[in-house]
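With the input below, show me the fold.
(one chain, ligands or ions: 1)
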Amino acid sequence: MAQIELKQVEKRFGDFQAVQPVDLTIKDGEFVVLLGPSGCGKTTTLRMISGLEAVSGGKIYIGDRDVTWRNPADRDIAFVFQLYALYPHMTVEENITFPLEAEKASKEVIQRRLKHVVDLLQIKHLLAQKPGSLSGGDKQRVALGRALVRKPSVFLMDEPLGALDADFRETMRAEIKELHIAEEATTVYVTHDQIEAMAMGDRIVVMSDAVVQQVGTPYEVYYNPANLFVARFIGSPGMNLLKGALEDGRVHLPGGNKYTVPDQWRAALATQLSSDRVILGFRPEAAYAGGTGDLGAEVYASDLHGAFNMLHLALEEENVEAVIHIRGERGHSHVIGEDMRFGLQPEMVRFFDPQSERAIVLEERS
Ligand code: ATP
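Reported below is the predicted structural model:
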């Protein structure tokens with residue numbers, strides 16, 4: 001078991017800054033997900049923790065050891081990649097026990113550890129097979145088994161489910177989470193899939209353009225995004241964001257709408273906004289359709305998302321910036337082109353400064 005600490009860790013490839021200096025502490029036994037779009041630097045960050053990539057600056061600690069300049073083999077880590085990287089000529093059993101054989105562990109230790117991971121992953125029936133005859137999911141289970149067998153204190157995983165079919169990914173997600181709980185290994189997991197990150201992470205490190213944008217629990221990054229990037233990137237669809245101007249305690253929005261700022265936000269907006277311009281943010285489920293809602297918009301599409309309808313609304317016809325998505329009432333059908341009223345639950349409303357792109361923070365939360 002081990003805590004991982006990154007202190008001002010950064011990476012440059014020549015003149016190109018792939019990872020800006022990052023400070024991050026991953027607690028012993030924690031499951032942390034590095035999340036962001038392609039090219040944001042998450043794999044490079046993971047590879048620096050593993051020792052496969054040298055840092056350009058900063059220090060990395062695993063447990064109380066400074067491992068910045070130690071070899072991967074000397075960091076007490078195990079790595080699982082998207083592509084299974086199994087040895088095709090070896091059986092499943094040989095693939096799993098290979099790391100222990102390489103360490104010249106005793107026969108007794110090898111058999112004990114093999115039994116442990118085989119029971120954990122329920123792959124006893126596969127032991128005599130070669131990787132070529134296995135399904136994608138079983139290959140990934142074997143790869144996990146090989147990573148687990150040494151009982152590493154740190155698990156590093158780079159998009160391990162990326163090559164699997166969508167329905168199978170969900171099963172494997174749950175299995176990896178169970179393994180993590182059973183083994184209590186500190187885990188760092190890379191993905192570009194925000195749904196996977198939300199489902200698996202104790203905390204999520206959201207990255208974009210080589211910069212850590214926010215570190216928080218799934219709840220925090222979803223409901224309290226630190227900036228516009230996180231607000232848009234997390235959620236499907238992302239947070240609704242409407243540009244407006246603040247005047248006399250009301251936000252003037254497209255389509256002639258005026259939204260009265262909830263009392264608890266007034267002081268924070270007054271001190272933190274850089275001008276009278278503001279962005280109002282809210283998740284689709286923060287809006288309730290119908291009734292005497294404060295805001296009005298035109299329905300331009302409605303699609304069924306299983307348990308609810310997602311309504312797509314335009315606050316001003318030609319203005320694509322003012323398109324929002326809210327949840328419709330169950331069983332209530334809306335007509336395309338219909339004007340409808342909706343309100344926002346005040347505790348679920350957020351505000352952003354358009355200039356800095358940062359979230360306005362309630363004083364008691366700052
Ligand atoms: P992906 O999901 O596509 O792998 P990522 O967020 O993991 O994306 P990285 O692989 O960490 O991104 O890459 C970050 C940036 O660094 C990218 O622009 C990439 O092209 C660049 N990069 C990565 N490795 C090297 C390298 N060895 N030499 C030069 N540039 C590199």
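
Return the list of helices and strands in contact with the one helix or strand in the chain whose mean pLDDT sits lowest.
The least trusted helix or strand in the chain, going by mean pLDDT, DSSP states H and E, turns out to be helix 166-183, with a mean of 79. Contacts defined by 3 or more C-beta pairs under 8 Å, 6 or more residues apart in numbering; DSSP states H and E place helix 166-183 against helix 107-121, helix 136-148, strand 154-158, helix 194-200. Bear in mind the C-beta positions are built from the backbone N, C-alpha and C, glycine included.

Quick check: which of those is nearest to residue 268?
helix 194-200 (26.7 Å; C-beta to C-beta).

any idea which helix or strand comes after that closest one?
Using DSSP states H and E, the helix or strand that follows helix 194-200 in sequence is strand 203-208.

do that following strand and the ligand meet?
No - using C-beta under 6 Å from any ligand atom, strand 203-208 never reaches the ligand; the gap is at least 6.7 Å.

Give me the sheet partners of that strand and which way each runs.
strand 31-35 (parallel), strand 211-216 (antiparallel) (DSSP bridges).

looking at the ones you listed, which is closest to residue 339?
Smallest distance to residue 339 across the strands paired with strand 203-208 (C-beta to C-beta): 36.6 Å, for strand 211-216.

That closest one near the ligand anywhere?
No - applying C-beta under 6 Å from any ligand atom, one finds strand 211-216 out of contact with the ligand, separated by at least 11.6 Å.

Determine the set of other helices and strands touching the helix or strand that that strand is followed by.
Counting by DSSP H and E, the next helix or strand C-terminal to strand 211-216 is helix 218-223. Other elements packing on helix 218-223 under the criterion 3+ C-beta pairs under 8 Å, 6+ apart are helix 194-200, strand 203-208.

These: lowest mean pLDDT?
Lowest mean pLDDT within the helices and strands packed on helix 218-223: helix 194-200, at a mean of 92.

Can you pull the residues of the chain lying near the ligand?
Within the chain, the residues that sit near the ligand (C-beta under 6 Å from any ligand atom) are 13, 16, 18, 36, 38, 39, 40, 41, 42, 43, 44, 192.

Pull out the buried members of those residues.
Among the residues of the chain next to the ligand, those classed as buried by 16 or more other C-beta atoms under 10 Å are 18, 36, 40, 41, 42, 43, 44, 192.

The residues you listed into JSON lines, with extra columns for secondary structure and distance to residue 219?
Formatted as JSON lines, those follow (DSSP: H, G, I helix; E, B strand; the rest coil; distance: C-beta to C-beta, whole Å):
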{"residue": "18", "secondary structure": "strand", "distance to residue 219": "30"}
{"residue": "36", "secondary structure": "coil", "distance to residue 219": "19"}
{"residue": "40", "secondary structure": "coil", "distance to residue 219": "22"}
{"residue": "41", "secondary structure": "coil", "distance to residue 219": "25"}
{"residue": "42", "secondary structure": "helix", "distance to residue 219": "21"}
{"residue": "43", "secondary structure": "helix", "distance to residue 219": "26"}
{"residue": "44", "secondary structure": "helix", "distance to residue 219": "28"}
{"residue": "192", "secondary structure": "coil", "distance to residue 219": "21"}
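
Could you give the number of residues near the closest residue to residue 153 other than its chain neighbours?
Nearest residue to residue 153, sequence neighbours excluded (C-beta to C-beta, 6 or more residues apart in numbering): residue 2, at 4.1 Å. By the criterion of other C-beta atoms under 10 Å, residue 2 has 22 neighbours.

now do the one 5 residues further on
A count of neighbours around residue 7, defined by other C-beta under 10 Å, yields 16.

same question, residue 103
Neighbours of residue 103 using other C-beta under 10 Å come to 11.

Please list all residues in contact with it.
By C-beta atoms under 8 Å, 6 or more residues apart in numbering, residue 103 lies in contact with residue 150.

Please state the backbone phi and psi of residue 14?
The phi/psi pair for residue 14 (degrees, to the nearest 10) reads phi 60, psi -120.

Of all the helices and strands packed on helix 166-183, which one comes closest to residue 64?
The closest of the helices and strands packed on helix 166-183 to residue 64 is strand 154-158. By C-beta to C-beta, the value is 13.5 Å.

Run me through the strand neighbours of the closest one, direction for each.
So strand 154-158, judged by DSSP bridges, has these partners: strand 77-80 (parallel), strand 186-191 (parallel).

could you dump those strands to TSV with distance to residue 295 and mean neighbour count?
Converted to TSV, the strands paired with strand 154-158 look like this (distance: least, C-beta to C-beta, whole Å; neighbours: other C-beta atoms under 10 Å):
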stretch	distance to residue 295	mean neighbour count
strand 77-80	47	23
strand 186-191	35	25
